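>>> Here's a sequence, model it:
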Amino acid sequence: MKVTTPRLTQNVVTVEGRTAGEPVLFVHGNVSSAAFWRDAMAALPERYRPLAADLRGFGDTDPEPVDATRGLRDYSDDLAELVAALDLEGVHLVGWSMGGGVVLQLLRDHPELVRSVTLVNPVSPYGFGGTEGPDGTLTHPDGAGSGAGAANPDFVARLAAGDLSDESPTSPRVVFRTTYVKNPDVADEDHYVKAMLTTRTGDGNYPGDAATSPAWPGVAPGKQGVLNALAPTHFRLDDLHEIDPKPPILWIRGADDVIVSDTSLFDLAHLGAIGVVPGSPGTPAQPMVTQTRAALDRYGAYREAVIEDCGHSPHLEHPAEFGRLLAEHLGAA
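This is a model prediction of the structure:
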């Protein structure tokens, strides 16, 4: 269904016949859409009302530009208006990857709306790239190493072209097989690759406007678009532990994730350390998992669940285990 708010018109995926019960709002990650939640939504117990929104610039939601200087707040403010438009109360939030950062920002700004939070391999509370240490210290003041300049241009071009092939390491299908999941035998692969291809490309959307830096590796965050919104100069949640009330958080992660990791294959600092990106002066990798754990330790009301033999997408790779953990958390909340 389409829901129009003062900000934009959002596409919201629902499960037929599930119009009552405690609302559970699923939020997808980068280069994906609400379609990634199809099976997890259907598997929820009947007492819940599952909904999944396409974020701006993904799926069938309006491709409004992202003001990256607000961090992830364009997305979280969109969702806050969606919650109000649908008159939802006591919402359970489920956020995957970038969507984990979006729901944490929504929690930070509107804790009174939230009954519980489930994070699924979430982006660090200190963004993606350009930081070091458990507290997300900027490696360089300009956020060098993060932002749209870190995107692979061939991958962006293939997204824009709607490439469904598996002819190149940078094709969306191969990226899905090699980084979204650990074992490339997920059922209905076409469904997910086609959802990836709904990503709008350009300076205002994915990846955003590129900027340069005098510091290695020569790229810094711009002011528009998805990857710049994830940069640590724009998105930081240093004070998440100060909110009141504190809804319970469940952190589910795949043990073998190569996207959100202390040694991420998408982090230029780590790629420099292993010699893939030349010229590294020894910049340490961003310890993404360690940073999330440190922030949640300060928050207090959380539990971490690690799924073995699992990559970036537990809801696709181990749906039964994911569904059990989610249902238990929702029920306890």
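
>>> ok, how many other residues are close to P63?
Under the neighbour criterion other CB atoms under 10 Å, P63 is assigned a count of 18. (Glycine included, C-beta is placed from N, CA and C.)

>>> What of A333?
Using other CB under 10 Å, A333 is surrounded by 17 other residues.

>>> could you list every residue that touches it?
A333 is in contact with H92, R115, S116, P247, P248, counting by CB atoms under 8 Å, 6 or more residues apart in numbering.

>>> secondary structure class for the closest residue to P45 other than its chain neighbours?
Among residues not flanking P45 along the chain, A327 sits closest, at 5.7 Å (CB to CB, 6 or more residues apart in numbering). Three-state assignment for A327 (DSSP: H, G, I helix; E, B strand; the rest coil): helix.

>>> Is A327 in contact with L44, as I believe?
Yes - contact criterion CB atoms under 8 Å: A327 and L44 qualify, at 7.0 Å.

>>> which residues touch the spatially most central residue of the chain?
Centroid-nearest residue in the chain, with CA atoms, centre = their mean: M98, separated by 1.4 Å. Contact analysis of M98 by CB under 8 Å, 6+ apart lists G29, N30, L72, V123, V226, L230.

>>> Tell me the confidence at it?
In this model, M98 is scored at 99, pLDDT.

>>> Distance-wise, check it relative to H140.
Noted for M98: a distance of 23 Å to H140, by CB to CB, to the nearest Å.

>>> cool, and H329?
Applying CB to CB, the value for H329 to H140 is 38 Å.

>>> cool, and V260?
In this view, V260 and H140 are 22 Å apart by CB to CB.

>>> Comparing those two, which residue is more hemmed in?
Set V260 next to H140 and count neighbours by other CB under 10 Å: V260 wins out with 26 against 17.

>>> contacting residues for the more buried one?
S97, N121, P122, V123, S124, R253, M288, V289, H312.

>>> Between A327 and L44, point out the one with more neighbours.
Between A327 and L44, L44 has the larger neighbour count (other CB under 10 Å), namely 22 against 15.

>>> follow-up on the earlier one: how confident was the prediction at the residue nearest to P45?
The model's pLDDT for A327 equals 98.

>>> Number the residues from 29 up from this point.
Sure, I'll start counting at 29 from here, so that last one is A355.

>>> do you know how far it is from A301?
Remark: distance between A355 and A301 (CB to CB) = 40 Å.

>>> same thing with D272?
Distance from D272 to A301, by CB to CB: 40 Å.

>>> Kindly report the same for N149.
For N149, the distance to A301 equals 22 Å [CB to CB].

>>> ok, those two, which is more surrounded?
N149 (29 against 16).

>>> Could you point out which residue ranges in the stretch 129-278 of the chain have low pLDDT?
In the predicted model, the stretch 129-278 of the chain carries no residue with pLDDT under 70.

>>> that's a helix at G359, yeah?
Yes - counting by three-state DSSP, G359 is located in a helix.

>>> which one of the contacts of A361 has the most neighbours?
The most crowded member of the contacts of A361, judged by other CB under 10 Å, is H120 (25 neighbours).

>>> need the contact list for D337.
K210, N211, A283, D284.

>>> Any chance of a markdown table for those, columns distance to R35?
Listed next are the contacts of D337 as a markdown table, based on distance: CB to CB, whole Å:
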| residue | distance to R35 |
| --- | --- |
| K210 | 37 |
| N211 | 39 |
| A283 | 38 |
| D284 | 37 |
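
>>> Need the max-distance pair from those.
Longest distance between any two of the contacts of D337 is 12.7 Å, between N211 and A283; criterion CB to CB.

>>> re the thing from before, counting only strands, which of the contacts of A361 make the cut?
Among these, the members falling in strands (DSSP state E) are H120, R143, S144.

>>> Pairing-wise in the sheet, spell out the partners of the last one.
Beta bridges link S144 to H120 when assigned by DSSP bridges.

>>> Ok, W279 next?
Taking DSSP bridges as the rule, W279 bridges to L147, E332.

>>> So it is in contact with P150, correct?
Yes - taking contacts as CB under 8 Å, W279 lies within contact range of P150: 7.3 Å.
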